[in-house]
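Asker: only the shape, not the letters, is given here:
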């Protein structure tokens, strides 16, 4: 009886060691995969930033950025975005103490709403103009 109890305990310890080792291997593999994914994301973001910087330089150097800004302003006014944002800001200010008004904080607060209020059709028009500009070689 002692021998079989000892054998059962020993087998149980081996199973625990194997499962602990397996879990450790899984954790190590997961950690390696997470690091690889993190590096891939970082690499992608760096490349994306470089492309965006290059596109922006081309837009600025050709004057197209200013044309896009003017186009966007006209389209937003036509769509009533400017009036909508003025009303939104008035409503926000009505609920705030003007003594403690911090302009950078206020701008941060309204930025998400101002972006969300841009009609999709205007976003598409801007995207199409930028795409056309890039397809023409940035000229």
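Answerer: Perfect, I can see it now. All values reported here derive from a predicted model rather than from experimental measurement.
Asker: can you map out the strands along this protein?
Answerer: Here the chain has no strands by DSSP state E.
Asker: next one: the residue most central in space within the chain from residue 38, what distance?
Answerer: With distances taken as C-alpha atoms, centre = their mean, residue 45 lies nearest the centre of the chain, 10.1 Å away. Note on residue 45: its distance to residue 38, by C-beta to C-beta, to the nearest Å, is 11 Å. (Glycine included, C-beta is placed from N, CA and C.)
Asker: how many other residues sit next to residue 134?
Answerer: 13 (other C-beta atoms under 10 Å).
Asker: again with residue 76
Answerer: 19.
Asker: doesn't residue 118 make contact with it?
Answerer: Yes. Shown here, residue 76 and residue 118 form a contact pair, counting by C-beta atoms under 8 Å, at 7.0 Å.
Asker: was I right to think residue 81 contacts residue 118?
Answerer: Yes. Contact criterion C-beta under 8 Å: residue 81 and residue 118 qualify, at 6.4 Å.
Asker: got the contact list for the residue nearest to the centre of the chain?
Answerer: With C-beta atoms under 8 Å, 6 or more residues apart in numbering as the criterion, no residue contacts residue 45.
Asker: and the pLDDT at it?
Answerer: For residue 45, the model assigns a pLDDT of 90.
Asker: what's the pLDDT at residue 138?
Answerer: So residue 138 comes in at 68 (pLDDT).
Asker: ditto for residue 117
Answerer: Residue 117 is given a pLDDT of 96.
Asker: ditto for residue 99
Answerer: For residue 99, pLDDT reads 76.
Asker: can you count the residues close to it?
Answerer: 5.
Asker: for residue 131, same thing?
Answerer: 10.
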